[in-house]
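Peer 1: The amino acid sequence is not available; the structure is as follows:
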C-alpha cells in the first residue's frame with residue numbers, strides 16, 4: 001500500500017510535467033515554424049530545456065494543491081501561453097514588428113481602439129496554437145481520475161526541488177556553451193538574456209514564454225546599460241585644397257567638460273561623440289541656404305501612392321524633385337512616433353519602450369527644431385490628431401518648436417469621422433506662411449489604416465469614383481482614395497505658396513512613417529510591380545526633396561530616416577550643425593550611410609545583415625568578412641550609445657546652459 005501511494009505521488013508530479021511540457025513545446029514549435037520557417041535548429045535545444053524547466057516549476061507548485069486546483073493552474077498556464085504566442089504572431093502581422101511589454105502602451109492603445117480589425121488579422125492557422133489547451137481540457141473533462149494526488153514527504157519535496165534547480169542551471173548553461181551560440185548575433189546570448197532588447201532575436205533564441213519572463217524582469221529593473229562603447233581614434237583626414245570643404249568646429253569647451261567629468265558613463269559618451277568624424281562640407285552644402293523648409297511626414301506613404309493619374313501633385317514632386325529610390329523607413333516599437341523621432345533627432349530609439357513617450361523631457365539641443373531655432377527660423381509643428389498616442393505638445397516644444405498645433409488647436413473638420421489633410425493645410429498655413437523664414441513640420445493622418453470595408457468610409461466615398469475602376473485589389477483602391485485627399489492638401493500648399501510668391505524660396509522634404517499597415521504586401525506588389533516581401537523591401541519607401549528652382553534627380557545611395565536631419569542640415573548649411581552627434585549621415589557626403597533596424601539588422605550600399613537568420617548578403621564582390629564584422633560592430637556601438645544617450649539624458653550634460 002505504501003509503495004502504491006509513493007507511485008501515485010510520483011506519477012502526479014510526472015504527469016503534470018508531461019502535460020505542461022508537451023503543451024508548451026507544441027506552442028513553442030508552432031510559433032517557431034510560423035515565425036522563423038524552421039524547427040530543428042540549435043536554439044530548439046535551449047527552448048526545450050527552458051520549457052522543461054518551466055513545466056517542472058509549475059508541476060512542483062501544483063504538488064501543493066488539490067488535483068482540482070492543479071487542473072485550473074495547468075489549463076490557465078497553457079491557455080495563457082497560447083494567447084501570448086498568438087498575440088505575438090498577430091501583432092507582427094498587424095503592426096509589422098513584435099511586442100514588448102515595455103512598449104505595450106502605444107500598441108495596446110491602438111489595438112484596443114481597433115480591436116475588431118486586430119482580431120480580423122488572426123489567420124486561421126493561428127488557432128492551432130490553442131490545440132493543446134483543447135486537448136488537455138477534454139482529458140480533464142472525460143478522464144476525471146487522470147490526476148490522483150498522494151501526500152509528499154520531506155525527502156520527496158527536496159528531491160523535486162533539486163530536480164527543478166538542476167534543470168534550471170542546465171538550461172542556463174546553454175547561454176554560455178559555444179555549441180549553442182547562433183552565428184553572427186549582435187550580442188551574445190548571455191547578454192541578450194539579461195537585456196532582451198532585440199525582440200525578434202530573443203524570441204528566436206529563448207522562445208515565447210522565456211522571452212516574456214525576461215521582458216517583464218527587464219521592464220521592472222533594466223539596470224544600467226553595461227555594453228561597452230568602442231571609441232575609435234579619428235582617422236587621418238584627407239587635406240583638400242580646392243575647393244575648401246572643411247567644416248570648422250572648435251572643441252575647446254567640450255574638452256574642458258570631458259576633463260572635469262567624473263561620471264564614467266557620461267565621460268565615455270563624450271569620448272565617443274568627440275571622436276566621430278566631422279563630415280566635410282560638399283558641393284551641395286548651402287544649396288538651400290536661408291530658404292524655408294516644410295518637412296512633411298505622410299501617414300503610410302508608399303510608392304503605391306505615387307500615381308500620375310490619381311495623385312498628380314505627389315507624382316509631380318517625385319518627378320520634378322530629388323527622389324531617393326533606395327530609401328528605407330525602419331520600424332521601431334511604436335512605428336509612427338519613432339519614425340518621427342528618428343527624423344527629428346537621428347537617434348536610435350530604444351527597442352523596448354516607446355521612445356518619444358519615455359524620453360519626452362530629455363534635452364534635445366541637437367534636434368532639427370533646435371538647429372533651425374538657433375538659425376533664427378520660425379519653428380512650428382502641426383498634426384490633425386490629438387496627443388492621444390504621443391505627447392507631441394511637450395516633446396516638440398522641448399525640441400525647439402514654438403508651438404505644436406494639434407487637432408483641437410486647428411479646429412479640424414472631419415469627413416465621415418476622419419480628419420482631412422486638406423483641411424489641416426487650410427487651417428495650418430496661416431500660422432506660418434507670412435513669416436520671413438520658417439521651418440514647419442507637418443504630420444498627416446488621412447491615409448491611415450484601415451483599408452477594409454469599414455475603413456473611414458467618408459474619406460473613401462468622397463474620392464471613390466476616381467479609383468473604383470483601377471485594376472487593383474479593393475484595399476489598394478481604398479488606400480488610394482485616401483491618398484487623393486492628401487494629394488489635394490499638397491496641391492493647396494504649393495498653390496498657396498506660389499500665390500504668396502514664396503514657392504521658389506521653400507523646400508519640401510516628404511517621407512512616410514511606415515508602409516500601409518494591415519495591407520497585404522501582395523496587393524502592393526500587384527499595384528506597383530515591385531518586390532515587397534524579400535530582403536527589407538517592405539520598408540523601402542519614398543523620400544522626396546523638392547524645390548521649384550532646382551533640377552530633378554534620382555539619388556540611388558542607400559538612405560533612411562536617420563539621414564534626413566544631417567542631409568537637410570548640410571543643404572541649408574545650418575550654423576551649430578555638428579555631424580558627430582547623429583547616427584545618420586549627409587546623403588550627399590562621401591561617408592557611408594547605414595540603415596539600422598530595431599532587430600539589429602542593417603543595410604549599406606555594399607551589404608545587408610539579417611539577424612533573423614544570422615546571415616549576410618553581399619551586394620558587391622569586394623565585400624570582405626572584415627567589412628561585415630566592422631559594420632555590425634558599428635551598428636552595435638550606435639545602438640549602445642543611443643541607449644545610454646537616452647537613459648542618461650546625455651545632451652543635458654553636453655549643453656548644460658541650454
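Peer 2: That came in fine, so what should we check first? Keep in mind it's a predicted model, so treat the numbers as computed, not measured.

Peer 1: Span of stretch 651-658 from start to end?
Peer 2: Stretch 651-658 has its terminal residues 9 Å apart, counting by Cα to Cα, to the nearest Å.

Peer 1: scratch that, stretch 510-525
Peer 2: 22 Å.

Peer 1: For that stretch, list every residue counted as buried.
Peer 2: By 16 or more other Cβ atoms under 10 Å, the buried positions in stretch 510-525 come out as 510, 511, 512, 513, 514, 515, 516, 517, 518, 519, 523, 524. Every residue, glycine included, has its C-beta placed from N, CA and C.

Peer 1: which element follows the longest helix seen in the chain toward the C-terminus?
Peer 2: Identified as the longest helix of the chain according to DSSP state H is helix 2-36. Once the chain leaves helix 2-36, the next helix or strand it forms, by DSSP states H and E, is helix 43-62.

Peer 1: Show me what that next one packs onto, helices and strands only.
Peer 2: Applying 3 or more Cβ pairs under 8 Å, 6 or more residues apart in numbering; DSSP states H and E, we find helix 43-62 packed against helix 2-36, helix 67-95, helix 154-173, helix 199-206, helix 208-220.

Peer 1: Make TSV out of those and add mean neighbour count and distance to residue 583.
Peer 2: Listed next are the helices and strands packed on helix 43-62 as TSV, based on neighbours: other Cβ atoms under 10 Å; distance: least, Cβ to Cβ, whole Å:
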stretch	mean neighbour count	distance to residue 583
helix 2-36	18	28
helix 67-95	19	23
helix 154-173	13	34
helix 199-206	24	20
helix 208-220	19	23
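
Peer 1: I'd like the ones you listed as JSON lines, with mean pLDDT appended.
Peer 2: Formatted as JSON lines, these follow (pLDDT from 0 to 100):
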{"stretch": "helix 2-36", "mean pLDDT": "81"}
{"stretch": "helix 67-95", "mean pLDDT": "92"}
{"stretch": "helix 154-173", "mean pLDDT": "88"}
{"stretch": "helix 199-206", "mean pLDDT": "94"}
{"stretch": "helix 208-220", "mean pLDDT": "92"}
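
Peer 1: Would you convert these into JSON lines that also reports distance to residue 457?
Peer 2: Output for the helices and strands packed on helix 43-62, formatted as JSON lines (distance: least, Cβ to Cβ, whole Å):
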{"stretch": "helix 2-36", "distance to residue 457": "33"}
{"stretch": "helix 67-95", "distance to residue 457": "21"}
{"stretch": "helix 154-173", "distance to residue 457": "52"}
{"stretch": "helix 199-206", "distance to residue 457": "35"}
{"stretch": "helix 208-220", "distance to residue 457": "37"}
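
Peer 1: Give me the subset of the buried residues of stretch 510-525 that lies in helices.
Peer 2: Judged by DSSP H, helices contain the following of the buried residues of stretch 510-525: 523, 524.

Peer 1: quick revisit: what packs against the longest helix of the chain?
Peer 2: With contacts taken as 3+ Cβ pairs under 8 Å, 6+ apart, helix 2-36 sits against helix 43-62, helix 67-95, helix 131-142, helix 154-173, helix 199-206, helix 208-220.

Peer 1: Low-confidence regions, this structure specifically.
Peer 2: Confidence mapping of the chain against pLDDT under 70 gives the ranges 1-10, 103-114, 116, 148-152, 223-228, 232-242, 454-456.

Peer 1: Kindly recompute the last result at 50.
Peer 2: 1-8, 235-240 (pLDDT under 50).

Peer 1: Residue nearest the middle of it, spatially speaking?
Peer 2: Nearest to the geometric centre of the chain sits residue 332, at 0.6 Å (Cα atoms, centre = their mean).

Peer 1: Wasn't it part of a helix?
Peer 2: No - with DSSP: H, G, I helix; E, B strand; the rest coil as the criterion, residue 332 is coil rather than part of a helix.

Peer 1: Who are the contact partners of it?
Peer 2: Counting by Cβ atoms under 8 Å, 6 or more residues apart in numbering, residue 332 makes contact with 97, 338, 339, 342, 349, 351, 355, 598.

Peer 1: let's see it at 7 Å
Peer 2: By Cβ atoms under 7 Å, 6 or more residues apart in numbering, the contact list for residue 332 reads 338, 349, 351, 598.

Peer 1: Which one of the helices and strands packed on helix 43-62 lies nearest to residue 427?
Peer 2: Nearest to residue 427, of all the helices and strands packed on helix 43-62, is helix 67-95, at 29.9 Å by Cβ to Cβ.

Peer 1: That closest one to helix 2-36, inter-axis angle?
Peer 2: For helix 67-95 against helix 2-36, the angle by axes from the mean of the first three to the mean of the last three Cα atoms, to 10 degrees is 10 degrees.

Peer 1: helices and strands around helix 67-95, which ones?
Peer 2: Judged by 3 or more Cβ pairs under 7 Å, 6 or more residues apart in numbering; DSSP states H and E, helix 67-95 is in contact with helix 2-36, helix 43-62, helix 131-142, helix 208-220.

Peer 1: In JSON lines, list those helices along with distance to residue 79.
Peer 2: Formatted as JSON lines, the helices and strands packed on helix 67-95 follow (distance: least, Cβ to Cβ, whole Å):
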{"stretch": "helix 2-36", "distance to residue 79": "10"}
{"stretch": "helix 43-62", "distance to residue 79": "13"}
{"stretch": "helix 131-142", "distance to residue 79": "5"}
{"stretch": "helix 208-220", "distance to residue 79": "13"}
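
Peer 1: Any idea which of those gets closest to residue 460?
Peer 2: That would be helix 2-36 among the helices and strands packed on helix 67-95, by Cβ to Cβ, at 32.2 Å.
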